[in-house]
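Novice: the following comprises the amino acid sequence and a computationally predicted model.
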Amino acid sequence: MTTESTATSLAGRLAGNEVHARFAGHDFFKQVHSRALDHDQVETYLGQWWHPLHYFTTFLARCIAVLPDIESKSAITRILSQEAGAGSARGAHEVIYARSMEKAGYDRQKVTGSAPFPETADLVACYERLSGERFAALGGIYATEVTDLLMVSSIGEAVTRESGTTRNAWVDIHVAQEPDHVEEANHALLDGFSPQDETTVLKAAEEMWDRWTAFFDRLSVETGVAAPSDRRRDE
């Protein structure tokens, strides 16, 4: 059964999810706007962020492969196209990221070549796992797109405050494209959901938010900038 009311109910359950609220209220997102940050701390953020960023186009491509309907494939393909530069590698988000951070004064090798923390590797593994099945993939897409701008703006704020740069091309392109990504993610979700399907989407979204919480917990502990959250669903 697929009805608009069912889809709206799912959207409401996702928007009001407590795992999402815990993630969105993480102390890291507050402290980076006020605490003094040094170069090494911000370079650590950038080196870890690289890993999920680099995998994200692969994640989206895998999602498209498991989505059965052309409406969802089209919606996610639009996101993938923007992330991959719409036919120009120079416009791909990961290329803009590496270039803009080097321009801001950060070592390109440390930004794109640092080893992942275990929590970072676990996050990337989560993206790979969720993209192997339709409803888990949709949960992963939704969880990422509704929180991406919060994460990007926080990393961008850390870069701006530490480096003194006033503009960052990677942040700018997210501000321009992210509302479109959220809209396309919602388009993909508005189709074909039984109660069991909804449960799979919700659990996948919660798993993704939980892995992101662990990611920022580790950054908080590693750099001493913020307090880690007081819970993990798997602890």
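Specialist: Okay, I see it.

Novice: and the next helix or strand past the lowest-mean-pLDDT helix or strand in the chain?
Specialist: Ranked by mean pLDDT, DSSP states H and E, the weakest helix or strand in the chain is helix 4-15, scoring a mean of 65. As assigned by DSSP states H and E, the chain's next helix or strand after helix 4-15 is helix 18-24.

Novice: report the buried residues of stretch 161-177.
Specialist: For stretch 161-177, the neighbour count (16 or more other Cβ atoms under 10 Å) marks 161-163, 168-171, 173-174, 177 as buried. All C-beta spots, glycine's among them, are computed from the backbone N, C-alpha and C.

Novice: so where's this structure shaky on pLDDT?
Specialist: By pLDDT under 70, the low-scoring segments of the chain are 1-8, 178-192, 231-235.

Novice: that older thread, just send the buried residues of stretch 161-177 back as JSON lines, with secondary structure too.
Specialist: Output for the buried residues of stretch 161-177, formatted as JSON lines (DSSP: H, G, I helix; E, B strand; the rest coil):
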{"residue": "Arg161", "secondary structure": "helix"}
{"residue": "Glu162", "secondary structure": "helix"}
{"residue": "Ser163", "secondary structure": "helix"}
{"residue": "Asn168", "secondary structure": "coil"}
{"residue": "Ala169", "secondary structure": "helix"}
{"residue": "Trp170", "secondary structure": "helix"}
{"residue": "Val171", "secondary structure": "helix"}
{"residue": "Ile173", "secondary structure": "helix"}
{"residue": "His174", "secondary structure": "helix"}
{"residue": "Gln177", "secondary structure": "helix"}
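
Novice: other SSEs contacting the helix or strand containing Arg62?
Specialist: Using DSSP H and E, Arg62 sits within helix 39-66. Packing partners of helix 39-66 (3 or more Cβ pairs under 8 Å, 6 or more residues apart in numbering; DSSP states H and E): helix 70-83, helix 93-103, helix 108-113, helix 118-130, helix 134-145, helix 148-163, helix 195-223.

Novice: now do stretch 73-93: distance from first to last residue.
Specialist: This stretch, stretch 73-93, spans 20 Å end to end (Cα to Cα, to the nearest Å).

Novice: dump the residue contacts of Tyr159.
Specialist: Slight slip there: residue 159 is Val, not Tyr. 42, 46, 101, 104, 106, 165, 168, 171 (Cβ atoms under 8 Å, 6 or more residues apart in numbering).

Novice: and the gap between Gln41 and Met101?
Specialist: 14 Å (Cβ to Cβ, to the nearest Å).

Novice: does Ala115 count as helix, strand or coil?
Specialist: On the basis of three-state DSSP, Ala115 is classed as coil.

Novice: burial count for Pro195?
Specialist: Pro195 has 9 neighbouring residues, counting by other Cβ atoms under 10 Å.

Novice: also Arg134?
Specialist: 18.

Novice: and it, how far from Glu198?
Specialist: Per Cβ to Cβ, Arg134 is found 13 Å from Glu198.

Novice: one more: Leu80?
Specialist: Distance from Leu80 to Glu198, by Cβ to Cβ: 25 Å.

Novice: before we move on, what about Gly12?
Specialist: Taking Cβ to Cβ, one finds Gly12 at 11 Å from Glu198.

Novice: more neighbours: which of the two?
Specialist: Ranked by neighbour count (other Cβ under 10 Å), Gly12 and Glu198 place Glu198 first, with 19 against 10.
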